[in-house]
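Asker: Quick check, what structure comes out for this input:
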Amino acid sequence: MSFPKIRMRRLRSSESMRRLVRETTLSVDDLVYPLFVREGKNLKKSIYSMAGCFHFSPDTIAAEAIEVAELGIPAVLLFGLPGKKDDIGSQAWAEDGVVQRAIGEIKKAVPQLLVITDICLCEYTSHGHCGVIKKSTGAQEHKNIVDNDVTCELLAKVALSHVQAGADIVAPSDMMDGRVRYIREALEENSFHDVVIMSYAAKYASAFYGPFRGAAESAPSPAFAGTSLTDRKTYQMDPANADQAMAEIALDIEEGADIVMVKPALAYLDIIYRARQRFDCPIAAYNVSGEYMMVKNSASADLLDEKAAMLEILTAIKRAGADIIITYFAKDAVKLLSCI
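Answerer: As a prediction, this is how the structure comes out:
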C-alpha cells in the first residue's frame, strides 16, 4: 500500500497523537547527575568551564543530594578534587578522602539515593594522568608510560575504599586493561559481593572532555608536551574504532562488570546502538561536558532553544539504546519532563 491509503502524517496530527504512538520515552528513571566534591568547608562555587555546575565541599554536598533525590533522580556520580596531589594519587584511597567523606554525608541525608563513584587517579595525581607513570626500558628506554598493572592495583584500593565508605556502584574510568577484574576480585575478597561495577568500557580519547578537565583539574601536565603523554591516547580509545569498542565491552563483562558505559554519547550513538544489539546487560552513556556546553553556549548566543535541544539529545541517546544517561542536564530535564 502507498499514498493515499497510507498518510504518515495522520500519526503526527496532534501532541496527544504523537504521545500515543511515541516509540522512545525519556524518563527521570534513566538519569544520573554528576557532582564534583572538593576539599573545603561551606563551599558551593560555580565551575567556570561548566555553566550551572558547582564545586561542593563534603559538608554542603548533602543539600544538593537531597534536591536531586526530591526530583526523583535515582543516582549521582561523584568526582573528587583532593587538597593535595602526588605522583601516585594516594588521596584517592585515603580513608578520610574527600569522596569518602562526601559518600558518608550523602548516605546520612538520603540513604535511598544511589551513590556512584568515579574510580580513576587523574584528579589525584600531580601529573594529571589516570595511572602511575614509569620509565620503560629496552627499545622504549627513557620514554614515560602509564604502568597498567600497578595502576590496576591502586584502582582496586580506591574502589574498595569507596565501597567501605558506603558507595553503591563503583565506576572505573581509567581504561587500564584488566582493571575490572582487579576491582571485582578486591570486592569479593572483602565480602562486598553485591556491589555493582559500572565500567567506562568504551571510553574514547575525545575532544569533548575539555570543560570537564577544567572542572576536575585533571588535564595532563604541560611538562609532557611533545611526548606520548601529551594526552591520553595511549590508553583511551581511538575515535575511529568501533569493533574495538565491542571487544572492550565484552572483556569488561567477562571480568565482572554489571553495567557498561559508552563515553562520550552524542558523537558515539552508533557505538551505543551496536552495544545494545550485542550485549544483554544495562548500557550507560555519558553525555559529557563538551556536549553539554555546546548547547549552553549556543543557547546563550540565541542560536538554538536550549530546552528543546536538551530533550532532543537525551532522547537520541535513549533511542540509540542507552538504559542509563549520565548528564549535567539531569535536573533541568526532569523539571521539564514533569511539565510535559
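Asker: From now on I want contacts and neighbour counts done on CA atoms only, so please keep to that.
Answerer: Noted.
Asker: Using neighbour counts, pick out the buried residues of the least confident helix or strand in the chain by mean pLDDT.
Answerer: Within the chain, no helix or strand scores below strand 133-135, which has a mean of 82 by mean pLDDT, DSSP states H and E. Buried residues in strand 133-135, defined by neighbour count with 16 or more other Cα atoms under 10 Å: Ile133.
Asker: So in that sheet, which strands flank the helix or strand following it, and in what orientation?
Answerer: Per DSSP states H and E, strand 133-135 leads on to strand 144-146 as the next helix or strand towards the C-terminus. According to DSSP bridges, strand 144-146 forms sheet pairs with strand 133-135 (antiparallel).
Asker: dump the residue contacts of Ile253.
Answerer: Going by Cα atoms under 8 Å, 6 or more residues apart in numbering, Ile253 touches 259-260.
Asker: And the pLDDT for it?
Answerer: Looking at Ile253, its pLDDT reads 98.
Asker: where along the stretch 101-250 of the chain do the helices fall?
Answerer: 148-165, 179-189, 210-216, 243-255 (DSSP state H, counting those that start in this stretch).
Asker: Quick check: mean pLDDT of stretch 143-153?
Answerer: Stretch 143-153 comes out at a mean pLDDT of 90.
Asker: And it, what's buried?
Answerer: Residues 144-149, 151-152 are the ones in stretch 143-153 that count as buried (16+ other Cα under 10 Å).
Asker: go on, stretch 124-135?
Answerer: Result for stretch 124-135 [16+ other Cα under 10 Å]: buried residues 124-133.
Asker: Highest mean neighbour count out of the helices of the stretch 101-250 of the chain?
Answerer: helix 148-165 (a mean of 22; mean count of other Cα atoms under 10 Å).
Asker: ok, back up a step: and which of the buried residues of stretch 143-153 is nearest to Lys45?
Answerer: Proximity of the buried residues of stretch 143-153 to Lys45 (Cα to Cα) peaks at Thr151, which lies at 31.5 Å.
Asker: Not counting sequence-adjacent ones, nearest residue to that closest one?
Answerer: With sequence-adjacent residues excluded and distances taken as Cα to Cα, 6 or more residues apart in numbering, Thr151 is closest to Gly131, at 5.1 Å.
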